[in-house]
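J.: let's see this in three dimensions:
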Amino acid sequence: MMPRFTTSKQKAKNKVSDKAPWITFRPELRVLDCTIRDGGLMNNSHFSDDEVGAVYRTCIEAGIDYMEIGYKNSHAAFPKSEYGPWRHCDEEDLRRVVGDHTFERTGLKLAVMADAGGKCDWRTGILPADQSVLDMIRVACYAHQISEAVEMVHHCHELGYETTLNIMAISTVHDVEIDRVLEIARETPAGTVVVVDSNGALYREQIDHLVNKYRRALEGTDKEVGIHAHNNLQLAFANTIEAIILGCNRVDATMMGLGRGAGNCPMEILLSFLRNPKFKLRPVLDLIQKTIMPMKSCFDWGPNIPYLITGALNAHPRNAIAFCEDADNTDIVAFYDKMVSEG
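T.: The predicted model follows:
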């Protein structure tokens with residue numbers, strides 16, 4: 001695994017200018033909203049058309065660059081009897097909400113996530129880009145799935161889509177494996193390679209280490225580095241702006257941090273930080289008040305002690321989710337002891 005702390009020599013080498021150019025207008029920085037996609041892990045993607053449409057319109061009004069509207073998962077692995085339409089993002093479902101969407105008319109690009117590992121029928125289930133309202137396919141994989149992910153990226157690129165490569169659970173991957181994955185990623189047509197903190201376990205020093213590693217590995221290409229942060233340690237926003245400071249130009253966030261478990265970097269905080277007049281905060285606040293906050297009565301998300309425990313132990317949040325969903329579970333010390341003994 002990557003080191004948790006950097007040396008004083010490394011810190012000096014990575015020192016950012018005291019003039020802080022990173023808080024001024026930076027036109028190359030793009031923001032992606034993944035509220036519906038990531039949030040779909042909490043409700044099996046059963047968002048209503050009105051909810052998805054509200055997020056879509058807000059992204060347009062707020063000047064957000066991309067909206068990840070859901071997954072492109074297999075109907076066989078994720079049957080419609082159990083999962084909502086945003087787990088498959090079939091074209092008829094997309095067009096029912098966004099109509100004949102185009103980037104030229106809205107200024108917003110639409111994305112979906114396609115998982116490696118048999119979760120997506122990517123060879124047959126993705127239309128050519130000129131037949132779809134989608135603009136980008138985000139290919140997600142674990143490090144050991146990189147071979148299939150590369151095939152997926154090439155396939156989607158040939159269909160005419162922008163592509164990204166999201167390497168998940170990076171906090172669990174050893175440095176030598178990360179180096180090899182990045183060597184492979186460098187040779188793909190993916191426009192962005194994303195640092196994904198699936199376990200919400202990373203601290204600032206590790207973000208520094210990873211973002212700098214990704215940037216060095218991709219140097220000399222036109223690829224960007226992305227960041228997708230989870231909030232188990234309440235560091236999702238801090239880690240996102242640290243990545244931005246270090247030159248990361250593709251950043252993910254969700255409305256009110258909505259997302260499975262501890263949630264994600266909150267969009268409203270991120271846009272407030274960026275100080276870019278292109279982005280508008282008021283539409284986001286309006287959406288939060290009218291659409292996102294009422295969801296709290298249906299399912300819950302956000303930092304708490306069980307998610308802190310899994311984040312601190314660099315463990316998948318599934319155990320914390322199960323703990324929180326069981327009303328009889330009240331002993332967080334026992335949960336901690338169990339997690340430590342299983343670690």
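J.: where does the residue nearest to the spatial centre of the chain land in three-state SS?
T.: Centroid-nearest residue in the chain: residue 228, 4.1 Å away (criterion: CA atoms, centre = their mean). Per DSSP: H, G, I helix; E, B strand; the rest coil, the local secondary structure of residue 228 is strand.
J.: so it touches residue 194, yeah?
T.: Yes. Taking contacts as CB atoms under 8 Å, residue 228 lies within contact range of residue 194: 5.5 Å. All C-beta atoms are positioned from the backbone trio N, CA, C, and that covers glycine.
J.: please, which helix or strand holds residue 196?
T.: strand 192-197 (DSSP states H and E).
J.: what's the average pLDDT for that strand?
T.: Strand 192-197 carries an average pLDDT of 98.
J.: and that strand, what does it pack onto?
T.: Under the contact criterion of 3 or more CB pairs under 8 Å, 6 or more residues apart in numbering; DSSP states H and E, strand 192-197 touches strand 162-167, helix 204-218, strand 224-229, helix 236-245, strand 250-253.
J.: partner residues bridging residue 264?
T.: Assessed by DSSP bridges, residue 264 has beta-bridge partners residue 230.
J.: what do you get for residue 197?
T.: Counting by DSSP bridges, residue 197 forms beta bridges with residue 229.
J.: just to revisit the earlier point, need the residues touching each of residue 228 and residue 194.
T.: Shared contacts of residue 228 and residue 194, defined by CB atoms under 8 Å, 6 or more residues apart in numbering, are found at 166, 252.
J.: and stretch 156-169, what's buried?
T.: Buried residues in stretch 156-169, defined by neighbour count with 16 or more other CB atoms under 10 Å: 156, 157, 159, 161, 162, 163, 164, 165, 166, 167, 168.
J.: what is the nearest of those to residue 95?
T.: The closest of the buried residues of stretch 156-169 to residue 95 turns out to be residue 161 (CB to CB; 17.0 Å).
J.: surely the closest one touches residue 134?
T.: Yes. Between residue 161 and residue 134 there is a contact under CB under 8 Å: 6.9 Å.
J.: pull the most distant pair out of the buried residues of stretch 156-169.
T.: The most widely separated members of those, counting by CB to CB, are 159 and 168 (22.8 Å).
J.: coming back round to it: tell me which residues are up against the strand holding residue 196.
T.: 138, 140, 164-171, 182, 185, 207, 210-211, 214, 218, 223-230, 236, 239, 243, 248, 250, 252.
J.: quick one: the strands in the stretch 1-150 of the chain?
T.: 30-33, 66-71, 109-115, 136-141 (DSSP state E, counting those that start in this stretch).
J.: tabulate these (TSV), appending mean pLDDT, distance to residue 47 and mean neighbour count.
T.: TSV is the format used below for the strands of the stretch 1-150 of the chain (pLDDT from 0 to 100; distance: least, CB to CB, whole Å; neighbours: other CB atoms under 10 Å):
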stretch	mean pLDDT	distance to residue 47	mean neighbour count
strand 30-33	98	13	23
strand 66-71	98	8	27
strand 109-115	98	14	24
strand 136-141	98	18	26
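J.: so where's this structure shaky on pLDDT?
T.: 1-25, 343 (pLDDT under 70).
J.: domain map for it?
T.: Domain assignment for the chain by automatic domain parsing gives 17-297, 305-342.
J.: winner for burial among those?
T.: The highest average neighbour count among the domains of the chain, using mean count of other CB atoms under 10 Å, belongs to domain 17-297 at a mean of 19.
J.: close enough to count as contact, residue 108 and residue 60?
T.: Yes. With contact defined as CB under 8 Å, residue 108 counts as touching residue 60 (5.0 Å).
J.: intersection of neighbour lists for these two?
T.: With contacts taken as CB under 8 Å, 6+ apart, not a single residue reaches both residue 108 and residue 60.
J.: circling back to that earlier point, out of the strands of the stretch 1-150 of the chain, which is closest to residue 264?
T.: With CB to CB as the measure, strand 30-33 is the member of those nearest residue 264 (10.0 Å).
J.: now do the closest one: which elements does it pack against?
T.: The criterion is 3+ CB pairs under 8 Å, 6+ apart, and the helices and strands that strand 30-33 contacts are strand 66-71, strand 250-253, helix 267-274.
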